[in-house]
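Visitor: below is the sequence, then the predicted model.
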Amino acid sequence: MAKQTTKKPASKTTKKAQSGSTATASRRPDWAKRDAKTAKSIQGLTSSIVKSAMSGDEPTVEVPTRSPANTNWDEDAGILRMGEAKQQRQLFNLGQARKFMQTLLHGQGINELIDAGKTLSLRGMYYKGLHTIQGTQTKARGSGEKTFDDQTESDGILEDIEVSLGSLREELNIYAKKRGSMVGNITIIDSGDEIDCRRMGSGGYSIPSIVEPDIIQFKKCDAKFVLHVEKDTVWGRFNEDKFWQKHNCILTEGSGQPTRGVRRLLHRFNKELGLPIYCLLDCDPWGHYIYSVIKQGSISLAFESERLAIPDAKFMGIRAKDYERCSLSDDVQIALNDRDIKRAKQIMDYPWFAENAQWKREIKKMLSNGFKMEVESLITKDISYVTETYVPERLEAEDWLE
Amino acid sequence: MAKKTTKNAGKKANAETMAAKQREISVSEFFAKNRHLLGFDNPRKALLTTVKEAVDNALDACEEAGILPDIEVRIEELTAPASANKSGKYRVTITDNGPGIVRKQIENIFGKLLYGSKFHRLKMSRGQQGIGISAAGMYGLMTTGRPMVITTRPNAKKPAHHLELAMDTSKNKPEVTVDIETDDLLLTSSGTGTRVAIELEAKYVRGKTSVEAYLEQTAIANPHAEIVFIPPDKANEDPGLEDASEESPERERGAGAGEIPEPTDTAPDGIPRTTEHADRIVYPRAVDENPPETSEIKPHPYGVELGSFLRMLKNTPEKQLAGFFKNEFCRVPPAVIKEVTAAASGKDKTITGQTYVSTINHAAAEKIYRALQDAKLRSPPTDCLAPIGVRTMLAGLLKGVKAEFYAASTRSPSVYRGNPFQIEAAIAFGGDLPADQPARVIRFANRVPLLYQQSACSAFKSVTETAWKNYGMSQPRGSAPVGPIVVMIHMASVWVPFTSESKEAIADYDEIRKEMRLALQECGRKLGTYIRRRQRMKREGQKRDVFERYIGEIAKACQAIVGADAEALYESLMRQAKRRTEIADAVLDEDGKIIGFADGNGRLDGDDGVIILDGNGNGNGGGNGNPAPSASTKEPGAPATGQEESNAKVARDSKKSVPVSNNGVVESKPTRKKKIVKKKVLKKVKRKRSPETAGAGLFEGGDK
């Protein structure tokens, strides 16, 4: 623990490799600059805490508030942006003392990562910061108080650090669990390895958490658009039917709410390659919100909207009217429960929905239907109805919501 | 009660034969047959009553003579009880250092029922009816056949009288069987004194209604007395003790110190506490001043019933009505006499102040009585009352009850049925007291503990009526509060209305119950504030724990990130944490206000009291800028010289002063070594008192 702090990122300090840490060999030299900046901001923050502590003032950390109230809808850009509101995280506040301590622990962890030139997963960071707080372990009480109760607690703190430092997660040398797959008419380079996404078999290329240009470069892209589906089951159907071949596109899935890696990759496809993004999601409030996050950004990551949101992403389906349009059977209906209805109304009231007449109609239609539908419901028509009929028809008719 | 008819006395009884059987029944004989009325219902109670009457007499005698009482109570088992539910034979010996009794009065005092100085006057004193000690002697004589042995020395320079006294119950007349002069008696601290020994059939028990409980409570209400108790198990064990007991308790303590290991909790903090030794239990003196002498008052008209009024009218030496009113009653000024006579006589003004008493017939007397009852009279004077006083009560409780918080309050005098009275209450809370049991309620009337008939007593009822929940205590509906608390209630009055002759429960007058409630509420409020504050301190202490835990981690992280000095950082942050949670170290005054902080060396344990009062720092203030006149006894207009405090002089010397704060709250934390002196401006408790007691007190305070 008593290590010397140094600003040289790749110092010779030997750190035990944590589970999930990646090799540093392929890292490019321009990381050094980025890491130096991150380390500097962590050290700056710490120094100010030490300074106020030594002068008898209450140490505080300013954390921008991540809440709906502090999220602004930028209509012109079509994205959500984080507001100016900041929260003082105080040490001498019973509700905040623990978080304050955790913030510093993770600050220390990140500092070490940068020093060692390694990266850790969110879970790895949780274990990195995890230990029993000194002095709380007594014979009477058994095990003492842990620095983190679970990973959720740790993840929240890391997001706080991102916002407070204004550094992205990847700049903190932290990545999330992989989730989401890709296949399609594109060749990319991932950490120096060339990946031909046309030859990914049935499993597809799994989208990493960090997809920044220094990790992933686009080598050759023939695709004309991207079809993003909600779940890997649907994605599997499309892949098996070689939809991407027939329609010359890239096929991605996010296993529910897409991770930042998936969103960032879609964003790059859209901005760098100019590919339109079509989303095929469930007809329920959660599907609607997935689309909203892809399009405008999320509330909790509003500070990253600019590099994640895709304002011209399109919602292809499935639509509330598809029940009639595709003459689906009653069996596909899943009744809306109270929570669904509440959530739907909440979504409808978000300013970026409230001003969108099309979308209001869509949600109202779903509410008046009284049921939701999953993409899989189209399978009742035919196994490949969705890949051979539904999507091609929509594309043909340019029938989508924006 | 004097009539007896015999059914089988010949064929028919006539007035003559009946008259032959009608005779006077002596009071003694009557009580011999109705001994339960005096508290001799069973052997257990007989023992208690005997001790009680003797101790009450001894205390009264000492106080009247201005002697600080040293009393020794010894109970010896002569014949052990044959079985658990049978009685045995005991000898009770009570020795005091009082003024002694002159030879010619001995028989009257100890041998006659209803003989005494207390019955015919309205004056606050322990005994009221004057039947006590002689009844005990009579009980002993009846059950063992052994006379009462009295040794008394009224003159320090002369030998003592030694009398053995039997009593002729049929004639209410004492019989002296032995009458000698002796040097046997006692070298008491005063040189004078009395020893009474009674052998009786009795049963010695422990518990709530035991002799020990009685003495313990007596010691609490009479901290000016030093009481030594030698119970049978201790008295019979050590034969060598006989000599020691002949000495005054003072000396005895000194002499015994070598052999008997002193209990460790005696007085590390300078607080005299009840201690149990191998051969005796000592209830030490906690205040060095007798209660003030009370004056006698004349009856107030409101407290006199028609029958008594007629008797007074008949017996008065006064010739005229005006003189009768003036000298037989209090609070009947000439203007009232005029008003009353006018109202009683109607238009023709047949009755005036000049009317001869002898000319007033029954009807007229009744009219006068009614008019008198309707007249608006001032309340009786209250200087006849001597409450124990806030300070003294606290000293008593501190001695007898191990707790962490003490509060007391003395109400202003009030009146029921023309009798002035004054209610006092005190509570002890926390510490070693059992937390899961109902409150222990100890009741006193004129400083005498009441042990029986608790639920019939208005003092107990007032405890159950008080809403203790408001003060942070739990309280089942209609019961006393549950928790680590002792509640003390004292009624001082020239005439305490008992529910029975055995003086065990105070009767239920609205005025009395109300005063009791108010006194309890005063204490309760202080307790409530204390409890709340204590909880808050506990919370702050827990908060500090939290900060403390995290500060270590933070310091280490800062060192890792920027190479800060973790130790210095830790120290600095801990200082800040302490400052921010300083309430945890607060020292409270009796109103629960923070008056200071324990010095920051260590934090006080979050769990209990915090309040630290120092014995050395006399606690009397005189003012360090924190005057807090708060609820307690107040008698508006009385001179503010703090005389009451003088009677409650709490310390024998500066080292042994009792940490009693000035207005009714003591908080102690004996386990802490660090102490904080609580200083307050003296709360003035004003009473009109004879000047010689004024100004003597350690606690005499600054002016307000």
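Guide: Thanks, I have the structure now. Numbers count the residues shown, from 1 in each chain, chains lettered A, B, ... in the order given.
Visitor: buried set for the helix or strand hosting A:A344?
Guide: Using DSSP states H and E, A:A344 falls within helix A:338-349. The neighbour-count check on helix A:338-349 (16 or more other CB atoms under 10 Å in any protein chain shown) flags A:D340, A:R343, A:A344, A:I347, A:M348 as buried. Bear in mind the C-beta positions are built from the backbone N, C-alpha and C, glycine included.
Visitor: ok, the nearest residue to the third one once chain neighbours are set aside to A:R319 distance?
Guide: Leaving aside its chain neighbours, A:A344 sits nearest to A:P285 (4.4 Å; criterion: CB to CB, 6 or more residues apart in numbering or on different chains). Separation of A:P285 from A:R319 (CB to CB, to the nearest Å): 14 Å.
Visitor: among the buried residues of helix A:338-349, which two are most distant?
Guide: Spatially, the most separated pair among these is A:D340 and A:M348, at 12.4 Å (CB to CB).
Visitor: so how far is A:P311 from the residue most central in space within chain B?
Guide: With the centre of chain B defined as its mean C-alpha position, the nearest residue by CA atoms, centre = their mean is B:R447, 2.4 Å away. Computed as CB to CB, the B:R447 to A:P311 distance reads 91 Å.
Visitor: more neighbours: A:P285 and A:R319, which one.
Guide: A:P285 (24 against 19; other CB atoms under 10 Å in any protein chain shown).
Visitor: quick one: the strands in the stretch 101-250 of chain A?
Guide: Shown for the stretch 101-250 of chain A, the strands assigned by DSSP state E, counting those that start in this stretch span residues A:120-121, A:174-175, A:181-184, A:186-190, A:193-196, A:205-206, A:216-221, A:225-229, A:249-253.
Visitor: what does the longest one contact?
Guide: Under the criterion CB atoms under 8 Å, 6 or more residues apart in numbering or on different chains, residues A:185-191, A:194, A:208, A:250, A:265, A:268, A:272-273, A:275 lie in contact with strand A:216-221.
Visitor: what angle separates it from strand A:186-190?
Guide: Put simply, strand A:216-221 runs at 160 degrees to strand A:186-190, going by axes from the mean of the first three to the mean of the last three CA atoms, to 10 degrees.
Visitor: what lines up beside strand A:216-221 in the sheet?
Guide: Using DSSP bridges, strand A:216-221 pairs in its sheet with strand A:186-190 (antiparallel).
Visitor: which outside residues touch the partner strand?
Guide: A:194-198, A:205, A:208, A:215-223, A:250.
Visitor: for it, the distance to its chain's centre please.
Guide: Chain-centre distance of strand A:186-190: 21 Å, with CA atoms, centre = their mean, to the nearest Å.
Visitor: not including adjacent chain positions, what is the nearest residue to B:F429?
Guide: B:F405 (4.3 Å).
Visitor: quick one: the strands in the stretch 151-300 of chain B?
Guide: Ranges of strands in the stretch 151-300 of chain B, per DSSP E, counting those that start in this stretch, are B:160-168, B:173-182, B:193-202, B:226-230, B:275-276, B:281-283.
Visitor: need the strands of the stretch 101-250 of chain A in a markdown table with mean neighbour count and mean pLDDT, can you?
Guide: Shown next, in a markdown table, are the strands of the stretch 101-250 of chain A (neighbours: other CB atoms under 10 Å in any protein chain shown; pLDDT from 0 to 100):
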| stretch | mean neighbour count | mean pLDDT |
| --- | --- | --- |
| strand A:120-121 | 23 | 88 |
| strand A:174-175 | 24 | 84 |
| strand A:181-184 | 25 | 92 |
| strand A:186-190 | 18 | 92 |
| strand A:193-196 | 12 | 92 |
| strand A:205-206 | 16 | 91 |
| strand A:216-221 | 15 | 90 |
| strand A:225-229 | 25 | 93 |
| strand A:249-253 | 27 | 93 |
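Visitor: redo those strands as a markdown table? Include distance to A:L168.
Guide: Listed next are the strands of the stretch 101-250 of chain A as a markdown table, based on distance: least, CB to CB, whole Å:
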| stretch | distance to A:L168 |
| --- | --- |
| strand A:120-121 | 15 |
| strand A:174-175 | 10 |
| strand A:181-184 | 21 |
| strand A:186-190 | 18 |
| strand A:193-196 | 23 |
| strand A:205-206 | 21 |
| strand A:216-221 | 15 |
| strand A:225-229 | 22 |
| strand A:249-253 | 21 |
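Visitor: B:I94 is in contact with B:V55, correct?
Guide: Yes: between B:V55 and B:I94 there is a contact under CB atoms under 8 Å: 6.3 Å.
Visitor: who's more crowded, these two?
Guide: B:V55 (27 against 23).
Visitor: could I get the buried residues of helix A:338-349 as JSON lines with pLDDT?
Guide: Listed next are these as JSON lines, based on pLDDT from 0 to 100:
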{"residue": "A:D340", "pLDDT": "90"}
{"residue": "A:R343", "pLDDT": "90"}
{"residue": "A:A344", "pLDDT": "90"}
{"residue": "A:I347", "pLDDT": "88"}
{"residue": "A:M348", "pLDDT": "87"}
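Visitor: identify, from those, the entry nearest to chain B.
Guide: Chain B has its nearest neighbour among the buried residues of helix A:338-349 in A:R343, at 36.4 Å by CB to the nearest CB.
Visitor: backbone dihedrals for the spatially closest residue to B:E63 that is not a sequence neighbour, please?
Guide: The shortest distance from B:E63 to any non-neighbouring residue, by CB to CB, 6+ apart, is to B:N290 (5.0 Å). When quoted as degrees, to the nearest 10, the phi and psi of B:N290 stand at phi -70, psi 150.
Visitor: with the one 3 residues further on instead?
Guide: Per-residue torsions, B:E293: phi -60, psi 140 (degrees, to the nearest 10).
Visitor: so it touches B:E64, yeah?
Guide: Yes: between B:E293 and B:E64 there is a contact under CB under 8 Å: 7.3 Å.
Visitor: neighbours around the residue in the stretch 351-500 of chain B positioned nearest to chain A, how many?
Guide: Proximity of the stretch 351-500 of chain B to chain A (CB to the nearest CB) peaks at B:A435, 20.7 Å away. The number of residues packed near B:A435 is 10, by other CB under 10 Å.
Visitor: and chain A, which of its residues are near chain B?
Guide: Listed as neighbours of chain B in chain A under the rule CB under 8 Å from any CB of the partner chain: A:1-5, A:42-43, A:46-47, A:49-50, A:53-54, A:56, A:58-59, A:91-92, A:94, A:97-98, A:100-101, A:104-105, A:107-108, A:111-112, A:133-136, A:145, A:147.
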